[in-house]
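*Asks:* Give me coordinates for this.
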Amino acid sequence: YGGFGGAPKFPMGHSLSLLLRYWKRAGETKSLEMVEKTLSTMAKGGIYDHIGGGFHRYSTDSQWRVPHFEKMLYDQAILSKAYLEAYQATGKEEYANIAKEIFEYVLRDMSHSEGGFYSAEDADSSLPEDPKTKKEGAFYLWGKKEIIDILGKEGGEIFSYYFSIEPNGNAIQDPQGEFKGKNILYVAQTKEETALHFKVPIKEIEKIIKNSKGKLLSIRSKRPRPHLDDKILVDWNGLMISSLAFGSRVLNEPRYRQAAERSAQFILKNIIRKDGRLLHRYREGESVIPGTIEDYAFFIHGLFDLYETTFNPEYLIEAKKLTKEMLHLFWDESNGGFFFTADDAEELLVRQKEIYDGAIPSGNSVAALDLIRLARLTMEKEFETKVELLFKAFSNEISQMPNAYPQMLIALDFALGPSKEIAIVGEIGSKETMEMINIVYKRFIPNKVVAFRPASEKESESIV
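*Replies:* Below you'll find the model as predicted:
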């Protein structure tokens, strides 16, 4: 069924991104097969929201069938990037389509009106027929009769066959008895098998499934929604900014860039002190809590991707400024690496350093990648030196259990090379320039930095 380990089963998108890099480096086809198997099976499973897009937090079973229905912003960011990289590597549209649906979910349901993205949606919600009672997944579940009533007999049966919708429900496990008579949508048959079963052309099957999803989304939007955690967290927003900016380049979709820019501008306006100190959280007009290494590292990561998408030097300037502050506040001068909390935070008995890349990558892992990218873009040796010290600080731990540190190994892969430094010179917005940019981003070239210089000498001087 793809993925790693048994139930409960977490997506671990950065592990898949590492496997793609290993395939690129070593030409190991098994590595690519592992990625494709996992991404394809997850996209068919109940862990994916087939009606509204986006992934649930984890699967309670090994087959990705029955999810814990909570939706986290960081999962949407990490997984959309993994699907986009798989699209670059293989050219298969199915991966691009999943990334697009993730982004549509985030832009529709997780976006603050002024910019920035909310943190999560709960697993539980009120039953449509009994608003006083909450159950896990109530917002996402369907009865067979309900499907037929909404879609009609023919369309409903085709949709039910494709998604394995049963009269008595289809949950393969239900220890709390919350899914009785209800169905979790997962792709049980291919479109080809469905077309053959109903003796209908495959184009007609595709049309029916697409139209059915639209009808069900409209009906579902009237149900009581899960509770929205409307905090805007700088670290998770940094991951989403990075993925949307990356998606804008890969899919040539300006809306994703615009959403990423609005989030970055929101943070720079609302979640940063006048002295430049990054904070952690914003909610209802209040920004609080000094930022941790994750806030700095992840937001810098997003700013780099925004620069490589817009080539607006202000994003690179801000990334460099925050990187210097990150080194000042978090760097361990004695042993190397970054502490989780800054030296201006509340004094603790022990200042921890975290490198475990779990559901979310560690601040040290993303900071390592930030330092490498900045070193290659600016040619400043200080950043390269710091990242060498960082790898040395954690080398023993990584060597003993490398599968626990996939994001750090992504940074190491970049540092070891070969890597590419690509400079594009031209008139911004011109057809020739855009063709060059599109050629660069169509391909899976993970270990690269891209800089743009206007052909006009006057413009070049203004940027310098």
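*Asks:* thought residue 423 was touching residue 453?
*Replies:* Yes: counting by CB atoms under 8 Å, residue 453 is a contact partner of residue 423 at 6.4 Å. The C-beta positions use only the backbone N, C-alpha and C, and glycine is treated the same way.
*Asks:* and the spatially most central residue of the chain, which of the three is it?
*Replies:* Residue closest to the mean C-alpha point of the chain, counted by CA atoms, centre = their mean, is residue 77 at 1.5 Å. Look at residue 77: counting by DSSP: H, G, I helix; E, B strand; the rest coil, its state is helix.
*Asks:* In contact with it, which residues?
*Replies:* 236, 239, 240, 242, 243 (CB atoms under 8 Å, 6 or more residues apart in numbering).
*Asks:* part of a helix, is the third one?
*Replies:* Yes: for residue 240, which was evaluated using three-state DSSP, the result is membership in a helix.
*Asks:* rewinding a little: which one's more surrounded, residue 423 and residue 453?
*Replies:* Using other CB atoms under 10 Å, the more surrounded residue of residue 423 and residue 453 is residue 453, with 15 against 9.
*Asks:* Tell me how far that one lies from residue 430.
*Replies:* Taking CB to CB, to the nearest Å as the criterion, residue 453 is separated from residue 430 by 13 Å.
*Asks:* same check, this time on residue 41
*Replies:* Taking CB to CB, one finds residue 41 at 43 Å from residue 430.
*Asks:* Between these two, which is the more surrounded one?
*Replies:* A count of neighbours by other CB under 10 Å puts residue 41 above the other of residue 41 and residue 430, at 18 against 11.
*Asks:* How many neighbouring residues does residue 370 have?
*Replies:* Neighbours around residue 370, by other CB under 10 Å: 26.
*Asks:* check which helix or strand covers it.
*Replies:* helix 363-378 (DSSP states H and E).
*Asks:* So residue 296 belongs to a helix, correct?
*Replies:* Yes: under three-state DSSP, residue 296 sits within a helix.
*Asks:* Helices along the stretch 1-150 of the chain, start to end?
*Replies:* Per DSSP state H, counting those that start in this stretch, the stretch 1-150 of the chain carries helices over the ranges 13-26, 29-44, 73-90, 93-109, 144-151.
*Asks:* Could you pull up the residues touching the closest residue to residue 352 other than its chain neighbours?
*Replies:* Excluding its sequence neighbours, the residue lying closest to residue 352 (CB to CB, 6 or more residues apart in numbering) is residue 340, at 4.9 Å. Contact partners of residue 340, counting by CB under 8 Å, 6+ apart, are 292, 293, 294, 330, 351, 352, 353, 354, 363.
*Asks:* So residue 340 versus residue 445, what's the distance?
*Replies:* From residue 340 to residue 445 the distance is 32 Å (CB to CB).
*Asks:* low pLDDT regions in the stretch 201-350 of the chain?
*Replies:* In the predicted model of the stretch 201-350 of the chain, residues 348-349 satisfy pLDDT under 70.
*Asks:* now with 80?
*Replies:* 345-350 (pLDDT under 80).
*Asks:* what's the closest of the helices of the stretch 1-150 of the chain to residue 201?
*Replies:* Proximity to residue 201 (CB to CB) singles out helix 144-151 among the helices of the stretch 1-150 of the chain, at 18.5 Å.
*Asks:* The next helix or strand after that closest one to helix 144-151, inter-axis angle?
*Replies:* Using DSSP H and E, the helix or strand that follows helix 144-151 in sequence is helix 153-162. Comparing the axes of helix 153-162 and helix 144-151 via axes from the mean of the first three to the mean of the last three CA atoms, to 10 degrees yields an angle of 130 degrees.
*Asks:* Do a quick rundown of the strands in the protein.
*Replies:* Residue ranges of the strands in the chain, as given by DSSP state E, are 58-59, 67-68, 71-72, 120-121, 124-127, 130-136, 228-229, 232-233, 279-283, 286-290, 420-426, 448-454.
*Asks:* Go through those and name the closest to residue 185.
*Replies:* Comparing those by CB to CB, strand 67-68 comes nearest, at 10.7 Å.
*Asks:* Show me what that closest one is packed against.
*Replies:* With contacts taken as 3 or more CB pairs under 8 Å, 6 or more residues apart in numbering; DSSP states H and E, strand 67-68 sits against strand 58-59.
*Asks:* which helices and strands does the strand it packs on pack with?
*Replies:* Using 3+ CB pairs under 8 Å, 6+ apart, strand 58-59 sits against strand 67-68.
*Asks:* ok, back up a step: of all the helices of the stretch 1-150 of the chain, which gets the most neighbours per residue?
*Replies:* helix 73-90 (a mean of 24; mean count of other CB atoms under 10 Å).
*Asks:* what mean pLDDT does it have?
*Replies:* Averaged across helix 73-90, the pLDDT comes to 98.
*Asks:* Same question for stretch 113-130.
*Replies:* pLDDT averaged over stretch 113-130 gives 94.
*Asks:* CA atoms of stretch 371-386 as PDB?
*Replies:* Only the C-alpha atoms of stretch 371-386 are listed here, as PDB (Å, rounded to 0.1, in the frame of the first residue of the first chain):
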ATOM      1  CA  LEU A 371      22.000  28.400   4.500                       C
ATOM      2  CA  ILE A 372      23.000  26.400   1.500                       C
ATOM      3  CA  ARG A 373      20.600  28.300  -0.800                       C
ATOM      4  CA  LEU A 374      21.700  31.700   0.600                       C
ATOM      5  CA  ALA A 375      25.400  30.700   0.200                       C
ATOM      6  CA  ARG A 376      24.900  29.800  -3.400                       C
ATOM      7  CA  LEU A 377      22.800  32.900  -4.200                       C
ATOM      8  CA  THR A 378      25.000  35.400  -2.500                       C
ATOM      9  CA  MET A 379      28.500  33.700  -2.700                       C
ATOM     10  CA  GLU A 380      29.000  34.600   1.000                       C
ATOM     11  CA  LYS A 381      31.300  32.000   2.600                       C
ATOM     12  CA  GLU A 382      30.000  32.500   6.100                       C
ATOM     13  CA  PHE A 383      26.700  30.700   5.300                       C
ATOM     14  CA  GLU A 384      28.500  27.700   3.800                       C
ATOM     15  CA  THR A 385      30.800  27.400   6.800                       C
ATOM     16  CA  LYS A 386      27.900  27.500   9.200                       C
END
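*Asks:* Give the rounded mean pLDDT of that stretch.
*Replies:* For stretch 371-386, the per-residue pLDDT averages 95.
*Asks:* For it, what is the distance to the chain centroid?
*Replies:* Here stretch 371-386 is found 25 Å from its chain centre; the criterion is CA atoms, centre = their mean, to the nearest Å.
*Asks:* so what's the residue nearest to residue 441 when sequence neighbours are not counted up against?
*Replies:* Nearest non-adjacent residue to residue 441, counting by CB to CB, 6+ apart: residue 249, 4.2 Å away. The neighbours of residue 249, taking CB under 8 Å, 6+ apart as the test, are 308, 309, 437, 441.
*Asks:* Which of those fall in helices?
*Replies:* The members of those that map onto helices under DSSP state H are 308, 309, 437, 441.
*Asks:* so which of those comes closest to residue 6?
*Replies:* So of the ones in helices among the contacts of residue 249, ranked by how close each gets to residue 6 (CB to CB), first place is residue 441, at 37.1 Å.
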